[in-house]
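Trainee: just the structure for this:
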Amino acid sequence: MASPSQQLPPGWSAEWDATHQRYLFIESTTGRTQWEPPVGSPDPSLAPSVSPPPTQAHTKRRQYAAGQTQAYYGAADGLSAPSYGGAAAVQPQPTQLFTPGLAAENQFQQQQVQGGQPPYYGGAPAEPDYINAPQQPTYGQQPQAQMGALADQFGQMNVGQRGLRLYTTNLLTSPPDSNELHRPPPEICLPPNACVSPSPLANADASYQRCTLNAIPTTNSLLKKTNIPLGLVITPYRTLKDGDEPVPVVTDTFIDGGNRWRCCMCSLSNEVPQLFDWDQVRNQPGDRWARAELNHGVVEFVAPTEYMVRPPQPAVYVFLIDVSHSAIQSGMVATATRTILENLDRIPDENGRTKVAIIAFDVSMYFFSMPSGTTDSAMLVVSDIDDVFLPKPTDLLVNLSESRASLEALLGRLGDMFQENHIIGSALGPALQAGFQLMAPIGGKIIVLSSSLPSVGSGALKNREDPKVLGTSKESALLQAASPFYKTFAIECSRAQVSVDMFLFSSAYQDVATLACLPHYTAGQTFFYPAFNARTEDAIKFAHEFGSVLAQPIMLEAVMRVRASKNLRMSSFHGNFFVRSTDLLAMPAVPQDLSYAIEVQIEDTITAPFVVFQTAVLHTTCYGERRIRVITTALPTTSNLSEVFASADQVAIGTLLANKAVERCITHKLEDSRDALFNKMVEILTAYKASMTAAGAGASAQLAISENLKMLPVLILGLLKNVGIRQSAQIPPDLRAYAQALLTSLPSQLLIPYIHPTFYSLHSMPPECGTVGEQGVILPPPLPLTSERLERHGLYLIEDGQTIFLWVGRDSVPQLIIDVFNLPSYEVLRGGKTTLPVLDNPFNQRVNAIVQKIREMRRGSYWPHVYIVKEDGEPALRLWALSCLIQDRSDVLPSYQQFVSQLKDKVNGGNY
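Mentor: Below is the predicted model:
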């Protein structure tokens, strides 16, 4: 829009915004702003106030008048909560005021389409019409025209423009709708004057940082009345998909005509730097409102030398490869070396500084000297595992670019060198010590590939798996580290800026609980491939995930600190790091898409109208630059209990509770963890009943909760049924320990499907599904997670982000089996891991497209296996697939209806 040629209504003015090259319309009485021209009958007697767009740049340092900066101060009036499904709910029209993250009409939807603000759940396509058919659960939709008209009327009455609106639902009559988990968090309704920038991306996106409450109680007693845990879920280094941009909140306030700025966290007044309004790239005066740090809440600052203890380190990768008999026979060594070889070009090395080393081990250690400028390499054997030493001072840790030829030659023949190795045993501890000695002066990443339980030297472990202990109160001991060596070694690594990633492949007990200590305390990752066999699809899965880890850009020698406004304190921390001091988290390397949960405590009454949470990660990029990544989230404060409930983010709460549950499993007992989860849900429901509902004759006949929390009970049930926590005497300790590692490291986008899987019907899906729409492959409408939806002639897909099951009914028609699996009938179909054939028929291509979409739509390195599950097939595989249908009763665990009934009895009885 070049100029507002039409007359403006009384009390409105327009000012040119150079950042967005359009007019910003301001209502002078309230200070609220909007991008769209205001609607109203013009009064010819009142001339509108219109500021013309600037015609030339200022030649001197800018002075920002109070009236001009007010346009930015008042740009954050709040929106009411989105309607979660009540037909009578009224939303104010989004075009009438500026709210962080939702500045113009359909802006949020446009950002979804154009990639400006990515949908949190992996770019899921907009729901096609068939999802809203009568037989499917609706998604809180209303006719757009009707909504717009209602919003206009209520907007003119100044109704619903501030604060969140609370809607109550009855869990007994409101079945779970998985679409609710795909909604954005409750609206953040910042007060006027909270935001200095009119950026439509005015708060950090939830995929970087989200809070369990989007309206912070002003007192701790008010928080306790809700029984909702206050905490942050942070993924500081998430993957950037195509078109992704960081989403900001600006925290600095300008005063004194723009010459000084006041920090909104500590209120300290600071002078604005002289060159702040100078565009150093173009060497001309610049527009301060266009600066990245004022329009992006997720910003990286290049750190000055004061933030460096030493020059930025190069990226260092030391590969510890198990070459014992079991590792060779399973094909792990051949697959690993081939994957490293194929991904050498993907390892971050833009500036040619990256260093690599390879150490093989069984009960001895095998070092490889790789001089530059030749294809030759020499193997040096060290059999003394009690006193680990490096056999050569040079050419063991080599520059990737300079020694590329010898490295490629070594990787090409490493598997053959140990092909006849019949040694059984593992000196993993000494190998770790050797790798540490090699890289300790620099720091970097140790990548361990191990196929057996460490048996000799430091860190040797014994098989402590005891079937009689499983399912008893003593089982939690199997989830604790068996040897202090690994935690002690991990702390040494953290101090030397060394991170450890574990890839574990054993077909027998490997003590994942103990070995996972290394990634846990060094900010690494654990990957587990039980009974790995390279002759199956295991090789594809491992190669994809290992290659993805190698190609990831990583943050090196990082420390993270989260600070908040006055009277808020970070009280406890969950995730893969080492707490160096009270609130400084040491992370030798920060992988992409790892999540951290932090509990927050309200220490005293908060008097500010809004608070700010700011996460700062000081790190070295893998390209050798020292930077500070800053993630900022501003949230309003409230003394209204209904606003606190209405602002609760069920996804963030579920993520925080998963971390707390795993910690309680290890420090107490599994049973204590399950009880704590159940009791927390009872406490929240009891608090809601006591404070938000009227006690009457019908009160005990319902189980009330706010609409935005109605999926929390099914998330808690999913946690209680997850392999990491559920009550069972059949779960091997390694599988349980690995599940717990996932629960404490997955970002919400991956964690939620892990505890609340997705269930699709493929044989009856609408014709659009599996085809490419405007936003990629269209997925079928999700079904409730219950086996009641399984039909004998059907084909279904169940997935939890880690595994994909194709459930085939016993009465499936032969044509379905032919089209999908290229087999003549159900009888000849075999269950188990598979790779779907790509056939020349539309249905097969649609099914393959859906599987591929599921594998790619979420962030992270994980590549789910596809399992064919026959209805009358292998019982263990059937039970595994059916365990994903968490709304069913299984073993001693209740169905969703039974779980809700138990909650109702406890809430109404009050005797828990």
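Trainee: what ranges does the stretch 201-350 of the chain have for its strands?
Mentor: With DSSP state E, counting those that start in this stretch as the criterion, the stretch 201-350 of the chain has strands at 209-211, 216-217, 231-234, 252-255, 260-263, 269-271, 278-279, 284-285, 298-302, 316-322.
Trainee: tell me which residues of stretch 494-514 are tucked away?
Mentor: Under the neighbour-count criterion of 16 or more other CB atoms under 10 Å, stretch 494-514 has 494, 496-506, 509-514 buried. C-beta: built from backbone N, CA, C; applies to glycine.
Trainee: related to what we said a few turns ago, out of the strands of the stretch 201-350 of the chain, which is closest to residue 240?
Mentor: Residue 240 lies closest to strand 298-302 among the strands of the stretch 201-350 of the chain, at 10.5 Å (CB to CB).
Trainee: and that closest one, what does it pack onto?
Mentor: On a contact count with 3 or more CB pairs under 8 Å, 6 or more residues apart in numbering; DSSP states H and E, strand 298-302 meets helix 292-295, strand 626-638.
Trainee: let's see that with 6 Å instead.
Mentor: The helices and strands touching strand 298-302, judged by 3 or more CB pairs under 6 Å, 6 or more residues apart in numbering; DSSP states H and E, are strand 626-638.
Trainee: so who does the nearest residue to residue 769 once chain neighbours are set aside touch?
Mentor: In space, and not counting its chain neighbours, residue 769 is closest to residue 780: 4.5 Å by CB to CB, 6 or more residues apart in numbering. Listed by CB atoms under 6 Å, 6 or more residues apart in numbering, the contact partners of residue 780 are 760, 765, 769.
Trainee: surely residue 780 is within a helix?
Mentor: No - inclusion of residue 780 in a helix is not indicated when DSSP: H, G, I helix; E, B strand; the rest coil is applied; the result is coil.
Trainee: any idea how far it is from residue 758?
Mentor: Residue 780 is 10 Å from residue 758, where distance means CB to CB, to the nearest Å.
Trainee: the helix ranked longest in the chain - contacts with which helices or strands?
Mentor: Among the elements of type helix in the chain, defined by DSSP state H, the one spanning the most residues is helix 670-692. Judged by 3+ CB pairs under 6 Å, 6+ apart, helix 670-692 is in contact with helix 650-667, strand 704-706, helix 712-720, helix 896-909.
Trainee: what's the following helix or strand after the third one?
Mentor: This points to helix 712-720. Tracing the chain C-terminally past helix 712-720 and defining elements by DSSP states H and E, one meets helix 733-743 next.
Trainee: contacts for the next helix or strand after that next one, please.
Mentor: Following the chain from helix 733-743 toward its C-terminal end, the next helix or strand by DSSP H and E is helix 748-755. The list of residues contacting helix 748-755 from outside it, by CB under 6 Å, 6+ apart, reads 120-121, 181, 233, 651, 655, 718-719, 722, 800-801, 858-860.
Trainee: now the strands of the stretch 201-350 of the chain as CSV including mean pLDDT and mean neighbour count?
Mentor: Supplementary listing: the strands of the stretch 201-350 of the chain in CSV, determined by pLDDT from 0 to 100; neighbours: other CB atoms under 10 Å:
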stretch, mean pLDDT, mean neighbour count
strand 209-211, 93, 26
strand 216-217, 94, 26
strand 231-234, 95, 26
strand 252-255, 51, 17
strand 260-263, 72, 15
strand 269-271, 79, 11
strand 278-279, 68, 14
strand 284-285, 74, 14
strand 298-302, 84, 17
strand 316-322, 95, 24
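Trainee: for those, which one sits closest to residue 895?
Mentor: Comparison of the strands of the stretch 201-350 of the chain against residue 895 by CB to CB identifies strand 231-234 as nearest, at 28.7 Å.
Trainee: using CSV, write out the CA atom coordinates for that closest one.
Mentor: Extracted as CSV, the C-alpha positions of strand 231-234 are listed here (Å, rounded to 0.1, in the frame of the first residue of the first chain):
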residue,chain,number,x,y,z
GLY,A,231,8.8,-24.6,33.5
LEU,A,232,10.5,-24.0,30.2
VAL,A,233,11.1,-26.5,27.3
ILE,A,234,14.1,-25.3,25.3
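Trainee: which neighbours does it have in its sheet, and in what orientation?
Mentor: For strand 231-234, sheet partners with direction are given as strand 209-211 (antiparallel), strand 596-602 (antiparallel), following DSSP bridges.
Trainee: got the angle for the following helix or strand past the last one vs strand 596-602?
Mentor: On the C-terminal side of strand 596-602, the closest following helix or strand by DSSP H and E is strand 610-621. Regarding strand 610-621 and strand 596-602, their directions subtend 150 degrees when assessed with axes from the mean of the first three to the mean of the last three CA atoms, to 10 degrees.
Trainee: from the contact counts, what lies against strand 610-621?
Mentor: Packed next to strand 610-621, using 3+ CB pairs under 6 Å, 6+ apart, are strand 555-564, strand 626-638.
Trainee: how's this protein carved up into domains?
Mentor: If the domains of the chain are taken from the TED database, they occupy 1-36, 316-463+497-553, 757-885, with pieces of a single domain joined by a plus sign.
Trainee: ok, which of those comes nearest residue 171?
Mentor: Nearest to residue 171 among the domains of the chain is domain 757-885 (14.4 Å), distances taken as CB to CB.
Trainee: now do the same end-to-end measure for the closest one.
Mentor: Across its full length, domain 757-885 reaches 7 Å between end residues, using CA to CA, to the nearest Å.
Trainee: mind checking how far it is from the chain centre?
Mentor: For domain 757-885, the distance from its own C-alpha centre to the chain's C-alpha centre is 25 Å (CA atoms, centre = their mean, to the nearest Å).
Trainee: tell me the spacing between residue 615 and residue 475.
Mentor: Applying CB to CB, the value for residue 615 to residue 475 is 36 Å.
Trainee: out of the two, which sits in the busier spot?
Mentor: Neighbour tally, residue 615 and residue 475, criterion other CB atoms under 10 Å: the higher count belongs to residue 615, 24 against 21.
Trainee: what's near enough to touch the more buried one?
Mentor: Applying CB under 6 Å, 6+ apart, we find residue 615 in contact with 234, 562, 631.
Trainee: now do the second one: how many residues are near it, please.
Mentor: Residues lying near residue 562 (other CB under 10 Å) number 23.
Trainee: can you give me the helices for the stretch 251-400 of the chain?
Mentor: Listed from the start of the chain, the stretch 251-400 of the chain has helices (DSSP state H, counting those that start in this stretch) covering 292-295, 325-330, 332-342.
Trainee: tell me which of the ones you listed sits nearest to residue 680.
Mentor: helix 292-295 (38.5 Å).
Trainee: mind saving the C-alpha coords of the closest one as PDB?
Mentor: Extracted C-alpha coordinates of helix 292-295, given in PDB (Å, rounded to 0.1, in the frame of the first residue of the first chain):
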ATOM      1  CA  ALA A 292      17.900  -8.100  13.400                       C
ATOM      2  CA  GLU A 293      18.200  -7.900  17.200                       C
ATOM      3  CA  LEU A 294      15.100  -5.700  17.400                       C
ATOM      4  CA  ASN A 295      13.100  -8.000  15.100                       C
END
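Trainee: quick one: pLDDT of the residue nearest to residue 769?
Mentor: At residue 780, the pLDDT value in this model is 94.
Trainee: the one 4 residues further on too?
Mentor: In this model, residue 784 is scored at 93, pLDDT.
Trainee: roughly how far apart are it and residue 757?
Mentor: Spatial separation of residue 784 from residue 757 under the definition CB to CB is 11 Å.
Trainee: ok, those two, which is more surrounded?
Mentor: In this comparison of residue 784 against residue 757, neighbours counted by other CB under 10 Å, the higher total goes to residue 757 at 24 against 17.
Trainee: kindly export stretch 864-884 (C-alpha atoms) in CSV.
Mentor: As requested, the backbone C-alpha atoms of stretch 864-884 are provided in CSV (Å, rounded to 0.1, in the frame of the first residue of the first chain):
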residue,chain,number,x,y,z
PRO,A,864,11.7,-45.2,11.7
HIS,A,865,11.6,-48.9,10.7
VAL,A,866,8.6,-50.2,8.9
TYR,A,867,7.1,-53.4,10.4
ILE,A,868,4.4,-55.5,8.7
VAL,A,869,2.1,-56.7,11.5
LYS,A,870,-0.3,-59.5,10.5
GLU,A,871,-3.5,-59.7,12.5
ASP,A,872,-2.9,-63.4,13.2
GLY,A,873,0.9,-63.1,13.0
GLU,A,874,3.7,-63.2,15.6
PRO,A,875,2.2,-62.5,19.0
ALA,A,876,5.1,-60.4,20.3
LEU,A,877,5.0,-58.1,17.2
ARG,A,878,1.2,-57.8,17.5
LEU,A,879,1.4,-56.8,21.1
TRP,A,880,4.1,-54.3,20.4
ALA,A,881,2.0,-52.6,17.7
LEU,A,882,-1.2,-52.7,19.8
SER,A,883,0.7,-51.1,22.7
CYS,A,884,0.7,-48.0,20.7
